[in-house]
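Participant: sequence first, then the predicted structure:
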Amino acid sequence: MVVQDETFVPEIIEEHVDNRGTGVEAEQLPEGAEISSDKPWNPDEIRVSTKQFSLRNTMDMIEDGSLELAPEFQRNRVWKTPQKSRLVESVLLQIPLPAFYFAEDADGMLRVVDGLQRLSTINDFVRGEDGGGFALKGMEYLAKEEGKRFAELATPWQRRINNAQIVVHVIDPTTPSEITYDIFKRINTGGTPLNAQEIRHCMSKERSRRILREMAATEEFNAATGDLYNHVRMDDREMALRFTAFWIFGVDEYIKRPVMERFLERATACLDDPAELPDTKVEELKRAFSVAMRNSHLVFGSHAFRKWPHGEEGLNPINRALFETWSIALADFSEGDLHRRRDQIAAEARQMMTEDFDYLNAITSATGGAQRVRYRFDAARRAAKAGL
């Protein structure tokens with residue numbers, strides 16, 4: 001039983017990127033609380049080798065598809081031209097680039113784990129359309145090259161870029177995926193560190209990325225979330241993945257191993273494996289997701305998946321815990337049934353958000369804990385039956 005604490009009303013904190021709100025509520029940890037952790041690594045399972053590649057060789061691998069840059073993710077995080085140009089200038093000045101990390105799968109396919117933006121920038125400059133995707137701008141030491149594209153550089157400069165050597169640490173495919181994920185988190189050195197879903201996106205295969213993209217692009221999802229598709233931090237894909245994980249495995253399975261990151265990694269792997277989740281099951285998942293989104297919007301309107309206590313009518317940010325619980329709770333009801341009972345269900349939910357401090361804690365702070373996950377799922381299921 002979660003301890004009732006009527007002295008604590010959780011503050012709603014919105015996530016921000018570049019000082020702009022993202023429309024999604026940040027998950028919080030109480031002061032002094034420890035982050036939920038899983039079993040420690042077995043050091044013998046970590047296998048990383050170090051290799052050297054020329055930039056020409058690396059760009060050839062990108063071109064032939066043996067090195068993946070997760071281009072869809074790249075559209076959400078793009079450097080400005082001066083930043084790109086300074087990187088190219090560093091290569092021209094023969095300043096060594098920081099080491100890169102690639103992850104190799106069982107088929108020999110490589111994915112960029114760390115250094116995604118740097119490689120994308122260089123590849124765009126050298127192999128982009130018309131001899132370079134952008135013209136150099138804001139050069140500090142090589143002012144004479146200002147405004148030039150790759151094809152306009154003198155041959156010695158072109159050769160210097162192509163022949164530049166980079167150090168690459170390659171994570172062996174025998175390294176367990178959850179260890180690879182943790183390595184990714186440890187060495188993530190971008191200017192804006194990747195969040196958990198962005199890391200999963202970079203590590204996953206095209207099948208899961210396609211499925212989650214299609215789910216997040218649906219009219220029903222965007223009606224329920226206020227057009228969250230193509231979210232700057234990929235929270236739209238995480239919402240779809242959370243529904244998927246609980247739809248496939250259920251709450252009881254989560255409770256056995258209550259670590260949200262591992263649970264979502266497992267769901268991603270399931271989506272990537274047609275043997276585990278055949279196409280027929282994927283279509284069933286998509287239909288259930290569309291129904292859940294339509295039903296959630298029907299019951300809560302623009303307040304779907306947002307905190308909405310009595311006395312408050314403004315729109316709060318979308319809350320992940322509310323999304324996963326209410327989407328699952330409403331997925332199995334008919335539209336006609338919910339038309340009749342929607343006011344009662346919404347009233348029950350608002351009452352919990354107003355007076356049930358255990359429920360507020362369960363959707364705000366340390367939300368991955370087993371007791372809090374169980375509490376909020378059970379509460380949503382009970383409320384969804386109001387008026388039956």
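Facilitator: Sure, I can see it. Numbers count the residues shown, from 1 in each chain.
Participant: buried set for the helix or strand hosting Gln158?
Facilitator: Element membership of Gln158, judged by DSSP states H and E, is helix 155-163. By neighbour count on 16 or more other Cβ atoms under 10 Å, the buried set for helix 155-163 is Trp157, Gln158, Arg160, Ile161, Asn162. Glycine gets a C-beta too; all of them are placed from N, C-alpha and C.
Participant: where does pLDDT dip in this protein?
Facilitator: Counting by pLDDT under 70, the chain has low-confidence residues at 1-10, 17-19, 29-41, 70-78, 129-132, 188-193.
Participant: ok, the nearest residue to Gln28 once chain neighbours are set aside - how many residues close by?
Facilitator: In this structure, Gln28 finds its nearest non-sequential neighbour in Ser365, 4.7 Å apart by Cβ to Cβ, 6 or more residues apart in numbering. Neighbours of Ser365 under the rule other Cβ atoms under 10 Å: 19.
Participant: same check on Phe125?
Facilitator: Using other Cβ under 10 Å: Phe125 sits among 23 other residues.
Participant: can you check Thr81 too?
Facilitator: Residue crowding around Thr81 was assessed by other Cβ under 10 Å; the count is 15.
Participant: how far away is it from Glu152?
Facilitator: Distance, Thr81 to Glu152, by Cβ to Cβ, to the nearest Å: 15 Å.
Participant: for the helix or strand in which Leu271 is found, packing partners?
Facilitator: Assigned by DSSP H and E, Leu271 belongs to helix 260-272. Contacting helix 260-272 under the criterion 3 or more Cβ pairs under 8 Å, 6 or more residues apart in numbering; DSSP states H and E are the following elements: helix 177-187, helix 196-203, helix 206-216, helix 235-249.
Participant: make TSV from the ones you listed and add mean neighbour count and distance to Val91 to it.
Facilitator: What follows is these, written out as TSV (neighbours: other Cβ atoms under 10 Å; distance: least, Cβ to Cβ, whole Å):
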stretch	mean neighbour count	distance to Val91
helix 177-187	18	21
helix 196-203	22	23
helix 206-216	19	30
helix 235-249	23	33
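Participant: output those helices as TSV; include the columns distance to Met109.
Facilitator: Converted to TSV, the helices and strands packed on helix 260-272 look like this (distance: least, Cβ to Cβ, whole Å):
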stretch	distance to Met109
helix 177-187	13
helix 196-203	12
helix 206-216	10
helix 235-249	21
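Participant: and of these, who's closest to Ile13?
Facilitator: helix 235-249 (14.5 Å; Cβ to Cβ).
Participant: now that closest one against helix 196-203, angle please.
Facilitator: Here helix 235-249 runs at an angle of 80 degrees relative to helix 196-203 (axes from the mean of the first three to the mean of the last three Cα atoms, to 10 degrees).
Participant: now the helix or strand that helix 235-249 is followed by - C-alpha only, CSV.
Facilitator: If you walk from helix 235-249 toward the C-terminus, the next helix or strand you reach (DSSP H and E) is helix 251-256. Output of helix 251-256 as CSV, limited to C-alpha atoms (Å, rounded to 0.1, in the frame of the first residue of the first chain):
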residue,chain,number,x,y,z
VAL,A,251,1.2,-4.9,-16.0
ASP,A,252,1.9,-8.2,-14.2
GLU,A,253,4.9,-8.8,-16.5
TYR,A,254,6.2,-5.4,-15.7
ILE,A,255,5.9,-5.9,-12.0
LYS,A,256,8.2,-9.0,-12.2
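Participant: among the helices and strands packed on helix 260-272, which is nearest Pro309?
Facilitator: So among the helices and strands packed on helix 260-272, helix 235-249 is nearest, using Cβ to Cβ, at 21.8 Å.
Participant: which residues sit against the closest one?
Facilitator: With contacts defined as Cβ atoms under 8 Å, 6 or more residues apart in numbering, helix 235-249 is touched by 15, 22, 24, 196-197, 200-201, 209, 211-213, 215-216, 221, 225, 228-231, 254, 263-264, 266-268, 270-271, 277, 285, 288-289, 292, 318, 320, 323-324, 327-328, 331.
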